[in-house]
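Visitor: next input, structure requested:
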Amino acid sequence: MQDRIKVFTGSGNPALSQAICDYLGIPLGRSRISRFSNENIFVQILENVRERDVFVVQPLSIPVSENLLELLIMLDALRSASARRITAVIPYYSYARSDKKDMPRISIAGRLIADLLVTAGASRILTMTLHSEQVQGFFGCQADHLSATPILCDYFSKLGLQDCVALAPDAGSARRAGAYATRLNIPLAFIDKRRVSDTEVEARAVVGDVADKVVVCFDDEIATGSSLIETVKALRSFGVRDIYVGATHGVFTGEAVQRIKDAAVHQVVVTDTVPLPSEKRCDKIVQLSVAPLFAEAIRRIHTGESVSEIFE
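Guide: Below you'll find the model as predicted:
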């Protein structure tokens, strides 16, 4: 496998890429990424990839446009270098939120970005916890969709929490939170919530028994933290004993980290699909690694084994 598989990284999350390679027991592919004086991105692959099975790890995290363009150019460079198969490994696909035309005269950007990736040279996509699962159907190539459910559930299982309830932050997330509840063998509740704007959320009621319970709120991502704060306020008004939060993507934009510090929440557990710089770290935030999961998926894609069996 070491002779036929190559894993490269963009600037988005090199630490995760290195951890994936360490798990696979292969060196990280060598490439050079730079900017010209006019800010054009330059990518050069520094080793032979002809007829190789190539994987490029790059989340669409901040700065999103820079990381996206860098990924597109790297895919095109690998295609020009005659790679046999190119898999875009996108741990965090931020444009999954743009999955429908719910306002007049807007783009379904999730589909647009999917088309661009295939046009650039991606023959396969590997991603994790899409905000909208139907976005998997946007890609004009094979797309594998991983879940962080086993990683988060294993962590919360080891905490030994008693009288626990899994909570979906809104009715639309009940199916995703239900997978956590089933795996942890605990009851499920959800919040009746309305999104007023991109940064403002209104929580109206809690459906389910949460009084004097330890509540673990599961979501796909945490961005500004406004939704999390409204959820915590609603739960506290219903007399919960303690609150934990589990999310795949810890994006933490704006004042999110300060909001978490100030919130009446015991822990916020996220994964490393999005890098967590030192200035965004605090005692309440716990980061788990998805490198073993991605590495195993990459190994199975390369060998032709089932990816879905990872979760069985």
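
Visitor: for the rest of this, base every contact and every neighbour count on C-alpha atoms.
Guide: Will do.

Visitor: what sits against residue 274?
Guide: Neighbour list for residue 274: 13, 59, 61, 91, 92, 249, 250, 251 [criterion: CA atoms under 8 Å, 6 or more residues apart in numbering].

Visitor: tell me, what's the model's pLDDT at it?
Guide: On pLDDT, residue 274 comes in at 98.

Visitor: for it, I want the exact helix or strand it lies within.
Guide: Residue 274 belongs to no helix or strand when elements are defined using DSSP states H and E.

Visitor: could you do residue 7 as well?
Guide: Going by DSSP H and E, residue 7 is in strand 5-9.

Visitor: can you state the direction angle for whichever helix or strand comes after that strand and strand 5-9?
Guide: As assigned by DSSP H and E, the chain's next helix or strand after strand 5-9 is helix 14-24. Helix 14-24 and strand 5-9 are oriented at 160 degrees to each other (axes from the mean of the first three to the mean of the last three CA atoms, to 10 degrees).

Visitor: all helices of the chain, in order?
Guide: 14-24, 64-80, 109-120, 149-159, 174-184, 226-237, 256-262, 291-303 (DSSP state H).

Visitor: does residue 36 touch residue 43 like I think?
Guide: No - with contact defined as CA atoms under 8 Å, residue 36 does not reach residue 43; the gap is 10.7 Å.

Visitor: so for those two, which sits in the more crowded spot?
Guide: When neighbours are counted by other CA atoms under 10 Å, residue 36 and residue 43 differ, and residue 43 comes out ahead with 19 against 8.

Visitor: got a list of what the residue nearest to that one when sequence neighbours are not counted touches?
Guide: Leaving aside its sequence neighbours, residue 43 sits nearest to residue 33 (CA to CA, 6 or more residues apart in numbering; 4.6 Å). Residues near residue 33 by CA under 8 Å, 6+ apart: 10, 41, 42, 43, 44.

Visitor: what's near enough to touch the nearest residue to the third one once chain neighbours are set aside?
Guide: Nearest in space to residue 42, with sequence neighbours left out and distances taken as CA to CA, 6+ apart, is residue 34 at 5.2 Å. The contact partners of residue 34, taken as CA under 8 Å, 6+ apart, are 41, 42, 43.

Visitor: cool, and residue 163?
Guide: Per CA under 8 Å, 6+ apart, neighbours of residue 163: 213, 214.

Visitor: again, but for residue 12
Guide: Neighbouring residues of residue 12 by CA under 8 Å, 6+ apart: 58, 59, 60, 61, 62, 67, 275.

Visitor: now list the buried members of the residues you listed.
Guide: Applying 16 or more other CA atoms under 10 Å to these, the neighbour count classes 58, 59, 60, 61, 67, 275 as buried.

Visitor: nearest to residue 122 among these?
Guide: Ranking the buried ones among the contacts of residue 12 by separation from residue 122, with CA to CA as the measure, puts residue 58 on top at 12.6 Å.

Visitor: just the pLDDT at the closest one, thanks.
Guide: pLDDT, residue 58: 98.

Visitor: show me how far stretch 173-192 is from its chain's centre.
Guide: Centroid separation for stretch 173-192 versus its chain: 19 Å, with CA atoms, centre = their mean, to the nearest Å.

Visitor: in it, what counts as buried?
Guide: For stretch 173-192, using 16+ other CA under 10 Å, the buried residues are 173-174, 176-181, 184, 187-192.

Visitor: the spatially closest residue to residue 139 that is not a sequence neighbour and residue 58, how far apart?
Guide: Nearest-residue entry for residue 139: residue 114, 5.1 Å, with adjacent residues in sequence omitted and distances by CA to CA, 6+ apart. The gap separating residue 114 from residue 58 is 14 Å, by CA to CA, to the nearest Å.

Visitor: residue 229: neighbour count?
Guide: 20.

Visitor: report pLDDT for the nearest residue to it once chain neighbours are set aside.
Guide: In space, and not counting its chain neighbours, residue 229 is closest to residue 263: 6.7 Å by CA to CA, 6+ apart. pLDDT recorded at residue 263 is 94.

Visitor: any stretches of this structure with poor pLDDT?
Guide: By pLDDT under 70, the weakly predicted segments of the chain are 1-3, 193-204.

Visitor: could you rerun that using 90?
Guide: Scanning the chain for pLDDT under 90 picks out the ranges 1-4, 97, 102, 132-134, 169-176, 190-208, 226-239, 311-312.
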